[in-house]
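Trainee: How does the following fold in three dimensions:
(2 chains)
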Amino acid sequence: GQNIDQPTEMTATEGAIVQINCTYQTSGFNGLFWYQQHAGEAPTFLSYNVLDGLEEKGRFSSFLSRSKGYSYLLLKELQMKDSASYLCAVRDKGAGGSYIPTFGRGTSLIVHP
Amino acid sequence: DVKVTQSSRYLVKRTGEKVFLECVQDMDHENMFWYRQDPGLGLRLIYFSYDVKMKEKGDIPEGYSVSREKKERFSLILESASTNQTSMYLCASSFDRSGNTIYFGEGSWLTVV
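Mentor: From the prediction side, this is the model:
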């Protein structure tokens, strides 16, 4: 199984940059996802990393270090609509050989003016 | 676009009732998952299925069962609903291949009174 840790809550100012960290322990790593979830809605996909390094997608970037069991999500030019919960999920192979994602508890980001 | 559809958005059931939550996906995904999401606990895996008629227990299967008679449909069953099963239930699906995104349904809010 996995042990996934991320901060419970973060606050930031509109227009700023924020970094949300995620650490994990897993036996059969097969990729790390970041999802965004607004209150009362389903999670939506943001990024996927399976190799070490930085993946950039517009205002959002995600970094992975497999040797350190560490990832971060970087949000630039913050907007009020970025206030949401950000979920880190790690996928590994289950006992039956299928790819199973396990989610962290999520980081609630509050963006204020 | 991938579509994962959950049949009921909001339900209120009485203690002891049998409850069915239905989920359908239209992308021929092998894997389907049921999670529940509670404040402070994040997304927890109840059951998953990697093929028709195949199912595996997740982290919190007690009090639940599942059915996958057709590839596109994955049902979650609460045999005798209890108040501690009041939660948001999320269905998800994915291809069983490395690198493939997990797609979520809109969620079903279940209240057991």
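
Trainee: all contacts plus neighbour counts: C-alpha atoms, from now on.
Mentor: OK.

Trainee: which residue sits closest to residue A:83, ignoring its sequence neighbours?
Mentor: Among residues not flanking residue A:83 along the chain, residue A:110 sits closest, at 4.8 Å (Cα to Cα, 6 or more residues apart in numbering or on different chains).

Trainee: can you count the residues close to the one you found?
Mentor: The local packing of residue A:110 (other Cα atoms under 10 Å in any protein chain shown) involves 17 other residues.

Trainee: got the residues of chain A near chain B?
Mentor: For chain A, the residues in contact with chain B (Cα under 8 Å from any Cα of the partner chain) are A:30-31, A:41-45, A:48, A:50, A:98-99, A:102-106.

Trainee: Tell me the one among those residues nearest to residue B:56.
Mentor: Looking at the residues of chain A next to chain B and their distance to residue B:56, the nearest is residue A:98, at 10.1 Å (Cα to Cα).

Trainee: Mind exporting the C-alpha coordinates of the lengthiest strand in chain B to PDB?
Mentor: Ranked by residue count under DSSP state E, the longest strand found in chain B is strand B:42-51. Coordinates of the C-alpha atoms in strand B:42-51 are reproduced here as PDB (Å, rounded to 0.1, in the frame of the first residue of the first chain):
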ATOM      1  CA  GLY B  42     -10.000  12.200   1.800                       C
ATOM      2  CA  LEU B  43     -10.900   9.600  -0.900                       C
ATOM      3  CA  ARG B  44     -10.900   6.100   0.400                       C
ATOM      4  CA  LEU B  45     -11.200   3.100  -1.900                       C
ATOM      5  CA  ILE B  46     -14.100   0.800  -1.200                       C
ATOM      6  CA  TYR B  47     -13.900  -1.700  -4.100                       C
ATOM      7  CA  PHE B  48     -12.500  -1.900  -7.600                       C
ATOM      8  CA  SER B  49     -13.000  -4.100 -10.600                       C
ATOM      9  CA  TYR B  50     -10.500  -4.900 -13.400                       C
ATOM     10  CA  ASP B  51     -12.800  -6.900 -15.600                       C
END
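
Trainee: For whichever helix or strand comes after it, give the mean pLDDT please.
Mentor: Later in the chain than strand B:42-51, the nearest helix or strand by DSSP states H and E is strand B:54-57. Confidence over strand B:54-57, taken as the mean pLDDT, stands at 92.

Trainee: low pLDDT regions in chain B?
Mentor: By pLDDT under 70, the weakly predicted segments of chain B are B:1-2, B:97-99.

Trainee: Surely residue A:21 touches residue A:72?
Mentor: Yes. Because the distance of 4.3 Å satisfies Cα atoms under 8 Å, residue A:21 is recorded as touching residue A:72.

Trainee: Could you check which of these two is surrounded by more residues?
Mentor: residue A:72 (20 against 17).

Trainee: For that one, pull up the helix or strand it's in.
Mentor: Using DSSP H and E, the secondary-structure element containing residue A:72 is strand A:70-75.

Trainee: in its sheet, what does that strand sit against?
Mentor: strand A:18-25 (antiparallel), strand A:60-65 (antiparallel) (DSSP bridges).

Trainee: Put together JSON lines for these, with mean pLDDT and distance to residue B:30 on each row.
Mentor: Formatted as JSON lines, the entries for those read as follows, by pLDDT from 0 to 100; distance: least, Cα to Cα, whole Å:
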{"stretch": "strand A:18-25", "mean pLDDT": "97", "distance to residue B:30": "26"}
{"stretch": "strand A:60-65", "mean pLDDT": "97", "distance to residue B:30": "27"}
